[in-house]
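[1] Predicted model and sequence below, questions to follow.
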Amino acid sequence: MDQDRTIFIYSDGSSRGNPGPGGYGVILQYGPHIKEISAGYALTTNNRMELLGVITGLEALKKTGCNVRIVSDSKYVVDAVNKGWLFAWEKKNFVKQKNPDLWKRFLEVYRKHNVTFTWIKGHNNHPQNERCDSMAVAAALDSSSLLEDSWYVENAIETDE
């Protein structure tokens, strides 16, 4: 992947309690251009916010067929793709898998681009990861603007997540 033509998406998720209020922070970087996105939810999980951050970053791209490198400290997200688990889950229609709504949404946008994932250790002084973490935490703590993670609220009791 040509570094000069690659869009970097840095993403992190957070929840204050698991489940609890949560948020994500995303940085999109293409050369000198940077865009930051964050949002918070009243009741959700850390893994949902990790995945939703990645999805939001990909959905923010205006063109299809982009070369994208996603940098995340989420083993849940990175390993699901890099180790192929996600594609096995898809073949079984996500039966007994958590967060099927988000994984289906992810696959829809993921397939529109040339995406690679890089895992980094969290809380390890990586500037973009630290910034994403602070945005995610701030979004989760901003009780005046928390959204409803309606799928989670409706299905959490049923799936015992």
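    Alright, I've got the coordinates. Numbering: from 1, shown residues only.
[2] List the contacts of the residue nearest to residue 41 when sequence neighbours are not counted.
    Of all residues not flanking residue 41 in the chain, residue 149 sits nearest, at 4.3 Å (C-beta to C-beta, 6 or more residues apart in numbering). In short, each C-beta sits where N, CA and C put it, glycine included. When contacts are counted by C-beta atoms under 8 Å, 6 or more residues apart in numbering, residue 149 touches 22, 41, 42, 43, 44, 48.
[3] rerun at 10 Å
    Under the criterion of C-beta atoms under 10 Å, 6 or more residues apart in numbering, the contact list for residue 149 reads 19, 22, 40-45, 48-49, 52, 101-102, 155-156.
[4] Out of the residues you listed, which end up buried?
    Neighbour counting by 16 or more other C-beta atoms under 10 Å classes 19, 22, 40-45, 48-49, 52, 101-102, 155-156 among the contacts of residue 149 as buried.
[5] Which single one of the residues you listed is nearest to residue 7?
    Nearest to residue 7 among these, counting by C-beta to C-beta, is residue 52 at 18.4 Å.
[6] what kind of secondary structure is the spatially closest residue to the closest one that is not a sequence neighbour in?
    Nearest residue to residue 52 in three dimensions, chain neighbours excluded: residue 24, at 5.4 Å (C-beta to C-beta, 6+ apart). When classified by DSSP: H, G, I helix; E, B strand; the rest coil, residue 24 comes out as strand.
[7] ok, now how distant is residue 24 from residue 11?
    Counting by C-beta to C-beta, to the nearest Å, the gap from residue 24 to residue 11 is 7 Å.
[8] Next: residue 69.
    Separation of residue 69 from residue 11 (C-beta to C-beta) stands at 11 Å.
[9] One more: residue 26?
    5 Å.
[10] quick one on the thing from earlier: widest-spaced pair of the buried ones among the contacts of residue 149?
    The widest separation within these (C-beta to C-beta) is 19.7 Å, between 40 and 155.
[11] one step back: look at residue 69 and residue 11 and report which has more neighbours.
    For residue 69 versus residue 11, the count of surrounding residues by other C-beta atoms under 10 Å is larger for residue 11: 31 against 17.
[12] just to revisit the earlier point, identify the contacts common to residue 24 and residue 11.
    Residues within reach of residue 24 and of residue 11 at once, by C-beta under 10 Å, 6+ apart, are 37, 49-57, 132, 135-136.
[13] just the strands in the chain please.
    Taking DSSP state E, the strands of the chain run over residues 6-15, 20-30, 33-44, 67-72, 114-119.
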